[in-house]
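Participant: what follows is a predicted structure for the sequence shown.
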Amino acid sequence: MKVSFTLNSETRWLECQPNQTLLHALREQLGVKSPKCGCERGDCGTCTILLDGKSIKSCLVLACEVEGCEITTLEGLMQSGLTPLQKAFLDQNAFQCGFCAPGMVIAATELLEHNSSPNRGEIEEALAGNLCRCTGYAPIIDAVLDLVDNGGK
Ligand code: FES
Ligand code: FES
């Protein structure tokens, strides 16, 4: 089955099996490695990407479902280098192993698109679907708050 879509501002297509997830298609066929393969059942959020501007778990979407869609991964957000959000993560030491970081950044990016000054509770809610085994979450929330306090710069 052949599908075409926009991936990080480029038109792409792929030949996929009916049961192939978007996560595996991105990583194995398209060489896009920022979405990580964690639980593969929608629990951990490491595979989070933007699909038509909405953060979704790419392990729960079939590749054959994205015909005509616009997909953005962390690679797409970084076309001009580290984003302000990534810099805030670095400043706050908001990751250790880093496995959760791409998904966290994508989920926080979606939040900030819709709410430019979220409070701590709103950030926690927006990131609730993304698990981190290393940091205890506080530095991640602090990184987003830090960016908000600095006017998104
Ligand atoms: S790998 Fe998709 S939610 Fe865990
Ligand atoms: S930094 Fe290791 S899982 Fe979050």
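Facilitator: Noted; the coordinates are in hand. Ligands and ions are numbered 1, 2, ... in the order given.
Participant: show me how far the longest helix seen in the chain is from its chain's centre.
Facilitator: Assignment by DSSP state H gives helix 101-114 as the longest helix of the chain. Helix 101-114 sits 6 Å away from the centroid of its parent chain (C-alpha atoms, centre = their mean, to the nearest Å).
Participant: then it to CSV, C-alphas only?
Facilitator: C-alpha atoms of helix 101-114 as CSV (Å, rounded to 0.1, in the frame of the first residue of the first chain):
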residue,chain,number,x,y,z
ALA,A,101,13.3,14.0,25.6
PRO,A,102,12.0,14.1,22.0
GLY,A,103,8.5,13.2,23.0
MET,A,104,8.6,15.6,25.9
VAL,A,105,9.7,18.4,23.6
ILE,A,106,7.0,17.6,21.0
ALA,A,107,4.3,17.5,23.7
ALA,A,108,5.5,20.8,25.2
THR,A,109,5.7,22.4,21.8
GLU,A,110,2.1,21.5,21.1
LEU,A,111,1.1,23.0,24.5
LEU,A,112,2.9,26.3,23.8
GLU,A,113,1.3,26.6,20.4
HIS,A,114,-2.1,26.8,22.1
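Participant: apart from its neighbours in sequence, what residue is nearest the residue sitting nearest the centre point of the chain?
Facilitator: Centroid-nearest residue in the chain, with C-alpha atoms, centre = their mean: residue 106, separated by 3.1 Å. In space, residue 106 comes closest to residue 48 once its chain neighbours are excluded; the distance is 4.6 Å by C-beta to C-beta, 6 or more residues apart in numbering. Where C-beta positions appear, they are placed from N, C-alpha and C, glycine not excepted.
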